[in-house]
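>>> Structure, please.
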Amino acid sequence: MGKFFDTHTHSEFSPDSRTTVEEILRMARRIGAGGVTLTDHLDLDAPRNPGRFEFSIDAQQEKIEEKSWEIFPEGSCKVLKGIEVGLQPCSIAHSLEYVSGYKFDQITVSVHFVDGEDPYYGEYYKGKDFWQAYGRTLELIYETARDFKDFDVIGHFDYVARYAPYEVRDVRYADFPDVLDTLLRFMAQEGKALEINTKTYDMHGDHLQVLDENILRRFKELGGEFVTLGSDSHSASRLTEKFEEFAHICRNCGFEKLTYFEDRRPVLYSPF
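Modelled structure (predicted):
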């Protein structure tokens, strides 16, 4: 396999990360990564701690520049500046203002909080079946991404199933064809990328979450062109984890090339 680009990583500028920019880049050098995008958390108005997921973009970007020159003076790995913006209806305007004026290579948007609840803690699922819990989250991903507009990648679309208490603990196309079609068609028409987040497809409790390949195939059928691979690593050891496995899945679903973003433009590459 060729060199991979890990387009979703977290450094010391994310409060839940256990690694530094330097450690991420040294790991990228050790494994021969083609590129790495630093996408630290910006989740304004987080329900339990409103200021927890904010950081200094200036400080992050200065650190990225400093360490990329130090570790890759020959430019053998692309070190790219990104951000993961967590979307809620109440914070869209504030988030747009927060990131304005900065130069990014990639803006990823994700939904971590739904209707004022964080699924990680379990309260969100109470009183809902899986159709209601997953369906509402998919609707919110579409609605907030549509309203935010200024982004490149939709991150971990099936995050909501990671911590779910149901027997059904995967987001499947057959269960949500209408809302998924709405989301995927919007992404295809707007030239947005769908992220395959390899952290999602890991053991969560006693369940190994699975990517429904029908979602990837449907994205392709609707005209989707761009798929990124992101480890969502919060420790350097997870950089490009499971990328070979999911690169083959992407190819089997019709995506011969993967994508990373540089200067907010999609770049296609082949790891095969």
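>>> Now the longest helix seen in the chain: buried residues?
For the chain, the helix with the greatest residue count under DSSP state H is helix 130-148. Residues of helix 130-148 classed as buried under the neighbour-count rule (16 or more other CB atoms under 10 Å) are 130, 133-145, 148. Placement of C-beta: from N, CA and C, glycine included.
>>> Show me which of these is closest to Val160.
Of all the buried residues of helix 130-148, Thr137 has the smallest distance to Val160: 4.1 Å, by CB to CB.
>>> Please verify my assumption that the closest one contacts Ser110.
No. Between Thr137 and Ser110 there is no contact under CB atoms under 8 Å: 10.9 Å.
>>> Touching both of these two, which residues are there?
Counting by CB atoms under 8 Å, 6 or more residues apart in numbering, the shared contacts of Thr137 and Ser110 are Tyr159.
>>> Outside of the longest helix of the chain itself, list whatever touches it.
Under the criterion CB under 8 Å, 6+ apart, external residues in contact with helix 130-148 comprise 85, 87-89, 92, 95-96, 109, 111, 114-115, 119, 124-125, 128, 151, 154, 157-161, 164, 166-169, 171, 175-176, 179-180, 182-183, 186-187, 192.
>>> I'd like the average pLDDT over stretch 182-201.
Along stretch 182-201, the predicted local confidence has a mean pLDDT of 98.
>>> Please put the alpha-carbon coordinates of that stretch into PDB.
Backbone C-alpha positions of stretch 182-201 (Å, rounded to 0.1, in the frame of the first residue of the first chain) are rendered in PDB as follows:
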ATOM      1  CA  THR A 182     -31.000  13.900   1.600                       C
ATOM      2  CA  LEU A 183     -27.600  14.200   3.400                       C
ATOM      3  CA  LEU A 184     -25.600  12.400   0.800                       C
ATOM      4  CA  ARG A 185     -27.200  14.200  -2.200                       C
ATOM      5  CA  PHE A 186     -26.500  17.500  -0.500                       C
ATOM      6  CA  MET A 187     -22.900  16.500   0.000                       C
ATOM      7  CA  ALA A 188     -22.500  15.300  -3.600                       C
ATOM      8  CA  GLN A 189     -24.000  18.400  -5.100                       C
ATOM      9  CA  GLU A 190     -21.900  20.700  -2.900                       C
ATOM     10  CA  GLY A 191     -18.700  18.800  -3.500                       C
ATOM     11  CA  LYS A 192     -18.300  17.800   0.200                       C
ATOM     12  CA  ALA A 193     -16.300  14.800   1.400                       C
ATOM     13  CA  LEU A 194     -17.600  11.900   3.500                       C
ATOM     14  CA  GLU A 195     -15.200  10.900   6.200                       C
ATOM     15  CA  ILE A 196     -14.600   7.200   7.100                       C
ATOM     16  CA  ASN A 197     -13.700   7.600  10.700                       C
ATOM     17  CA  THR A 198     -11.700   4.500  11.700                       C
ATOM     18  CA  LYS A 199     -12.100   5.100  15.400                       C
ATOM     19  CA  THR A 200     -15.800   4.500  15.000                       C
ATOM     20  CA  TYR A 201     -15.300   1.000  13.700                       C
END
